[in-house]
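Peer 1: return atomic coordinates for the entry below.
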Amino acid sequence: MSFNRRSLLAACAGLPFATSAFASARQVGLGELAARSGRYFGSAVTRDDVSDAGPHIRLFDGECSVWVPSWQMKWGALVPTLGETPDYRNCDTIVASAAKRDKRLRGHALIWHEHLPAGAERLSTAADWRRFVAPHITAVAGRYRDAIFEWDVVNEAIEPYDDGADLMRRSPFYAMLGPDYVAEAFRLAAEAAPSARLYLNDDHLYYAEDWQERRRTGMLRLLDRLVKAKVPIHGLGMQCHLDTRLRFDERIFRRFLGQIEDLGLTLSITELDVTEAPNAGDRSMAQRRLRAAAEAGKVLSVALDSPALAGVVTWGLSDDDSWLRNRGADMADNQGLPYDDAYRPTPLRDALASRFASTRTRHPT
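Peer 2: Purely as a prediction, here's the structure:
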C-alpha cells in the first residue's frame, strides 16, 4: 500500500476536513488542541529535557500540557539497591519545572517488575511486601500527592505466557501476595494520594492477533475483579507501542474499548510510539514517516471516538531520543514519534493534530 499526504490525512482523521483548519492546527501546540477536544496531550520527559539548561525545553513546553517522568519515578531509579534511602532529586527537579511551566504530571510507575532495586527480585513473602513494597508506594505517592494528578500504579500485570489461569504475570509482587497485590497497591496509593486518578497500565491490547486477544481477556478479567471489589481504580492506561508489522481490526479494538467503558473506567493512551524500521524495506524516509503516521492514525481514530479517553501521551517527542532506537541494529533509524532527529514535525504530529482538531468529548480531565 502506498502513502501520500492525502491518504495519510484520511487514515488519521477518518473523515474529510478543511485545509484551512488543518493549517491552523499546525500553528497550535498539541496540548492546546487536545484541551479543545476535552483531553490532554503529553510526553515522557527526563530531567534534562525539562531543566532550564536542557536543549528540549521549548519543544516540551510548547507542545505538552502533561509531562510524564520516563524513568525517574520507578522504584529502581529511586532506590538502586533494596534497603537504601530513596534519592528523589531527579523527580523533584521535574516536579519543580512542571510547576514553573504550569504542566500537569502523570506518575509512572509505582511498581513494575522490570525496574526494581537490586535484590528485590528475591522478595517472595507477604512480610516482604509489608517491609519493602507497601512503604515504597506510600512514600512516593505521598511525597507527590499535590503534584501528580494521575498515577500508573501497577505497570504490566498481565502476561498469558506465564501460564497462570488468571493470565497474570508471575512477578515478585505476585509471589508476595498472589493476584491480590494489584488491589493492595491501589488501596495504598489511594490512601497516600487521595486526589490522584489511579491507573492500571499495560501494552499489547489493540491488534487483531491471537496473543493480544489473550491479553485483552486477561485484562478484562482483572479489571472486572477490581471493579466488583470496589478497589479505588479509575482507569486503564494503554501504552500503545504500535508496530506496522501487526494486524489492526477496528471492530476488535472498538469492542474492547466499549468493554472498558462498560466497567465505568477512564482510558488513556500512555506511551504512544510506532515501530516501523524492521520492515522498512526500500521505502524512502518520507514514505516511512507517512506509514508510521498512518499506523498511529488507525488506532487514534478509534480511541478518540471513545468518550472515556482522557488523554494521549507519546513516549518522547523526537525520534532522536526514542528508546526504540536502542532495541537493535535494525531499529537504529526508527521513525515513530511526532518530531524527527532535527526536531522538525513529522506526519505523526499531523495525525495527532488532525484527530484532536476533529473530535470532542465531555469527559472531565
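Peer 1: where in this protein is pLDDT low?
Peer 2: Applying pLDDT under 70 to the chain flags residues 1-26, 54, 360-365.
Peer 1: show me the contacts for the spatially most central residue of it.
Peer 2: In the chain, the residue lying closest to the centroid (C-alpha atoms, centre = their mean) is residue 270, at 1.7 Å. Residues near residue 270 by C-beta atoms under 8 Å, 6 or more residues apart in numbering: 68, 106, 108, 152, 199, 201, 237, 238, 239, 240, 313. For every residue, glycine as well, the C-beta is placed using N, CA and C.
Peer 1: any figure for the gap between the second one and residue 33?
Peer 2: Using C-beta to C-beta, to the nearest Å, one gets 18 Å for the distance from residue 106 to residue 33.
Peer 1: who has more neighbours, those two?
Peer 2: Each of residue 106 and residue 33 has its neighbours counted (other C-beta atoms under 10 Å); residue 106 has more, 27 against 22.
Peer 1: so which elements touch the one helix or strand that one maps to?
Peer 2: Following DSSP states H and E, one finds residue 106 within strand 104-112. Under the contact criterion of 3 or more C-beta pairs under 8 Å, 6 or more residues apart in numbering; DSSP states H and E, strand 104-112 touches strand 40-45, strand 66-69, helix 75-78, helix 89-100, helix 134-143, strand 148-155, helix 180-192.
Peer 1: for the helix or strand just after it, the distance to its chain's centre please.
Peer 2: Toward the C-terminus, strand 104-112 is succeeded by helix 126-128 as the next helix or strand (DSSP H and E). Its chain's average C-alpha position is 30 Å from that of helix 126-128, according to C-alpha atoms, centre = their mean, to the nearest Å.
Peer 1: before we move on, the earlier item: in a strand, the residue nearest to the centre of the chain, correct?
Peer 2: Yes. Assigned with DSSP: H, G, I helix; E, B strand; the rest coil, residue 270 falls within a strand.
Peer 1: which strand or helix spans the nearest residue to it once chain neighbours are set aside?
Peer 2: Excluding the flanking residues, the one nearest residue 270 by C-beta to C-beta, 6 or more residues apart in numbering is residue 237, at 3.9 Å. Residue 237 is part of strand 235-238 when elements are defined by DSSP H and E.
Peer 1: within its sheet, name the partner strands of that strand and how each one runs.
Peer 2: Strand pairing for strand 235-238, using DSSP bridges, gives strand 197-202 (parallel), strand 266-275 (parallel).
Peer 1: export those strands to JSON lines and tack on distance to residue 55?
Peer 2: Shown next, in JSON lines, are the strands paired with strand 235-238 (distance: least, C-beta to C-beta, whole Å):
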{"stretch": "strand 197-202", "distance to residue 55": "29"}
{"stretch": "strand 266-275", "distance to residue 55": "20"}
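Peer 1: tell me which of the ones you listed sits nearest to residue 286.
Peer 2: Counting by C-beta to C-beta, residue 286 lies closest to strand 266-275 out of these; the figure is 15.2 Å.
Peer 1: which residues are in contact with the helix or strand following the strand holding residue 237?
Peer 2: Using DSSP H and E, the helix or strand that follows strand 235-238 towards the C-terminus is strand 241-243. Strand 241-243 is contacted by residues 203, 206-207, 271-276, 295-296, 299, 315, 324, 336 when judged by C-beta under 8 Å, 6+ apart.
Peer 1: ok, the residues you listed vs residue 40, which is closest?
Peer 2: Residue 40 has its nearest neighbour among the contacts of strand 241-243 in residue 272, at 12.9 Å by C-beta to C-beta.
Peer 1: quick check: bridge partners of that closest one?
Peer 2: Note on residue 272: beta-bridge partners by DSSP bridges are residue 314.
Peer 1: neighbours of it, just the number please.
Peer 2: Neighbours around residue 272, by other C-beta under 10 Å: 27.
Peer 1: quick one, what contacts it?
Peer 2: Here residue 272 is in contact with 239, 240, 241, 242, 296, 312, 313, 314, 315 (C-beta under 8 Å, 6+ apart).
Peer 1: can you give me the end-to-end span of stretch 298-307?
Peer 2: End-to-end span of stretch 298-307 (C-alpha to C-alpha, to the nearest Å): 17 Å.
Peer 1: go on, stretch 267-284?
Peer 2: Note: stretch 267-284 ends 35 Å apart using C-alpha to C-alpha.
Peer 1: picking up where we left off before, give me the contacts around the strand holding residue 237.
Peer 2: Against strand 235-238 from outside (C-beta under 8 Å, 6+ apart): 150, 152, 197-203, 205-206, 219, 223, 260, 265-271, 303, 308, 310.
Peer 1: re the thing from before, out of the contacts of residue 270, who's the most crowded?
Peer 2: Counting neighbours by other C-beta under 10 Å, residue 199 leads these with 30 neighbours.
Peer 1: which parts of the stretch 251-365 of the chain are strands?
Peer 2: Secondary structure of the stretch 251-365 of the chain by DSSP state E, counting those that start in this stretch: the strands cover 266-275, 309-314.
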